[in-house]
Every structure is written in structure tokens, then in C-alpha cells.
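J.: what's the 3D shape of this:
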Amino acid sequence: MMETTTQQFPEKHLLPFYERSNSQQTRRAYKRVVREFFRQFQWRHPNQITSEQIRGWRDQMTKARRKPATVSFKLAVVRSLYEYLREEGFVTLNPATVHKVPPPVVSEELRGRALTVEEVRLLLAGPDRSKVEGARDYALLLLLVRTSMRIGEACGLQQSSLVWSHGRWLLRFRVKGGRERKLPIPKEVKTALDEYLKLDRKRRGLQHTDHPESAIFQPLVNYRTLEYDKPLSTTQAWKIVRKWAEFTGIGKLSPHDLRRTAITRALDQGLSYRQVRMMSGHKSVEMVVRYDHQREKLEYNAVNFLVYEEQPTEK
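T.: Numbers count the residues shown, from 1 in each chain. A predicted model of the protein is given here:
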């Protein structure tokens, strides 16, 4: 199957690679990076792209002030792509390995912000919950800040995702990698979802978007395709978060900042890393530890609390 040609490499050979992930968001990201990579080299056969040229692409992105995390992610996608191409027989070697193309150093410090309690209250007070759009936006914001769900996970929720089990309501949904998770729903979140769905019931009935497989969070208008039985896109959800952050004067805010807020708040309240990991869905405790900025403060250092003297016993 090996071939060396000056003709353009057909994208049809890449389609199975695009579809390897169960996450639609991941598939889109991989497709975007792979297309950018091949455009950089005029869709040359991957056999003819060298490690030196890939390092040049890396340096070009760095000079364009792309974030180290962004450059590292793109290189990781290309490494994975070459492994796929090697398995399929299009190439014999992977020129994008970490040894041949070292990624830039990524800071361990998390970028972004975590809202204060007062800022959370301001944000949630923004939407007019007596109207469908406001009730939807409020329910979405509250869900993100109370459960630490990722924005893609929230947008992918269906009405059937709400399940009653063991005497309480749960959310059942797919996460990165295709795994299924179940997450308890705080009462205030369930109430907000119920109020939103109740206000939106008439519209959903008219447009036939009120069945178990329908998305919980839906766009209210869609002038481009006139299709309504579809979920709110992550782009639309980003705009909702940005809109209410600007409206309430909080400033620049992203959906991941709401996830960060929930995780940071839980840690500040003294919940264990294991408890927070159960909420956030991280695969390892180490990922949760990165959010724990509070423990870096000197007054929280274990040195202040470690003692060896015998504690006096009560008579």
C-alpha cells in the first residue's frame, strides 16, 4: 500500500481517522487540525513530509504567538495521525514523534478564572427566568456552575438523560472517550430544568421536538435550516455564557471558567480530591490537584499543622 507520489494525498484516506473518537467535538477538532496540517504542505503525500518540516510548522505557529498548549495539541493530533497512517500502510515511520519534534513546554498553571460567590450570584441573576430564553440560559449556567459539566456534555443532554434512580434524580450522559457517567442533580438544578422545559413545552410540541431523544437545551430559532430538533451547539452555548457575563459586568468568561469555578469552590470548601474527581469526571486525582490553588498559600501549608508532641488527654 506504500506509495510515493507528487499528486495530492486524497482526504478520503483520512476519513476513518476523523471518526475514531466517539465525541463529536473531538472529531471536529481532529479534522480541523489535520486539514490545517495538510494545507501547510499542499496536501503532499505524508511520506514526503519530514521531521524537519514538521518542526518548521511548529516554529511557525510559535512565532505566530499560538499558545504552547494549542501547539502541543496540534502536534499530538499529527503524531496520532501518523500512527494511524503507519497502521494502514501509507507510511513506514512516524516523523512527528516527541523525540523528533519536541512540543513546546506547557505551563502547569491553569489559565482562566474562577468566579467568586458574589460573581456567581450576579451571573445567575442576569437571565429573565419568566421567559423561555431566560429560563434556558439560567438552567444552563446553573448546571455548569453546580455540576462542573463540560459544555459539550451539557449541550449533548437529552430529555432521556434525566433518570430517577435510588430515590433521586440523576443525569446520564456520555463523556470524553465515549464513557457513560451518572451524576446526581442538585435540587435547584432539577427545578431550573423543569421550569425551562415547562415554559418551552408549547414550542416543542408545535415543532415536534418534545420526545425522549430531543435535546434538553435547544435553539429557539434557526432561520438558516429551519431544523429545530437539534441540540444547542457549543458555539451557541459559548455565546450565552459570554452574553450574561458581559450583561452583569463580570467581564470575559468562558464555559470552562464555570467548570473551574465549581471545582475550585468544592476544593475551597474542604472536599477531598476523590470527591471532587467524582464530580468533575477527571480520570486522575492529579488533574484535580491542578485546580487547587488555595493549598499553595503559605497559611494552608501542612508545616503549620504538623506536630509530634503528645496531645493532652481529657480527664
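J.: C-alpha from now on. contacts and neighbour counts both.
T.: Will do.
J.: Buried ones in the top strand by length along the chain, by neighbour count?
T.: Of all segments of type strand in the chain, defined using DSSP state E, the longest is strand 168-174. Going by neighbour count (16 or more other Cα atoms under 10 Å), the buried part of strand 168-174 is 169, 170, 171, 172, 173, 174.
J.: Spell out the secondary structure type for the residue lying closest to residue 127 once chain neighbours are set aside.
T.: In this structure, residue 127 finds its nearest non-sequential neighbour in residue 134, 4.6 Å apart by Cα to Cα, 6 or more residues apart in numbering. Three-state call for residue 134 (DSSP: H, G, I helix; E, B strand; the rest coil): helix.
J.: do residue 164 as well
T.: What three-state DSSP gives for residue 164 is strand.
J.: Now do it, the pLDDT please.
T.: pLDDT recorded at residue 164 is 91.
J.: any low-confidence regions in this structure?
T.: 1-6, 21-23, 106-111, 176-178, 223-226, 228, 293-305, 307, 309-315 (pLDDT under 70).
J.: Helices of that one, residue ranges please.
T.: Secondary structure of the chain by DSSP state H: the helices cover 15-18, 24-40, 51-63, 68-87, 117-124, 132-147, 151-155, 187-199, 201-206, 234-247, 255-268, 273-280, 285-289.
J.: one step back: mind putting the buried residues of strand 168-174 into JSON lines with distance to residue 285?
T.: Shown next, in JSON lines, are the buried residues of strand 168-174 (distance: Cα to Cα, whole Å):
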{"residue": "169", "distance to residue 285": "26"}
{"residue": "170", "distance to residue 285": "23"}
{"residue": "171", "distance to residue 285": "22"}
{"residue": "172", "distance to residue 285": "22"}
{"residue": "173", "distance to residue 285": "21"}
{"residue": "174", "distance to residue 285": "20"}
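J.: Please report phi then psi for residue 251.
T.: Backbone geometry at residue 251, expressed as degrees, to the nearest 10, gives phi 100, psi -160.
J.: neighbours around the closest residue to it other than its chain neighbours, how many?
T.: Distances taken as Cα to Cα, 6+ apart put residue 245 closest to residue 251, at 5.7 Å, once the chain neighbours are dropped. Residue 245 has 21 neighbouring residues, counting by other Cα atoms under 10 Å.
J.: can you check residue 166 too?
T.: By other Cα under 10 Å, 7 other residues sit near residue 166.
J.: Quick check: the gap between it and residue 184.
T.: Using Cα to Cα, to the nearest Å, residue 166 is found at 11 Å from residue 184.
J.: Over to residue 71?
T.: If you go by Cα to Cα, the gap between residue 71 and residue 184 works out to 36 Å.
J.: got it, and residue 30?
T.: Using Cα to Cα, residue 30 is found at 32 Å from residue 184.
J.: Those two: which is more packed in?
T.: Shown here are residue 30 and residue 184; by other Cα under 10 Å, residue 30 has more neighbours (24 against 17).
J.: these two touch, right, that one and residue 77?
T.: Yes. Contact criterion Cα atoms under 8 Å: residue 30 and residue 77 qualify, at 6.5 Å.
J.: Which residue is the nearest non-sequential neighbour of residue 246?
T.: Closest to residue 246 by Cα to Cα, 6+ apart is residue 252, at 7.0 Å.
J.: gap between that neighbour and residue 126?
T.: Residue 252 is 15 Å from residue 126, where distance means Cα to Cα.
J.: likewise residue 152?
T.: Relative to residue 126, and taking Cα to Cα, residue 152 is found at 23 Å.
J.: Looking only at neighbour counts, state which of the two leads.
T.: The neighbour comparison of residue 152 against residue 126 (other Cα under 10 Å) goes to residue 152, with 21 against 17.
J.: picking that back up, separation between the residue nearest to residue 127 and residue 244?
T.: For residue 134 relative to residue 244 (Cα to Cα), the value is 10 Å.
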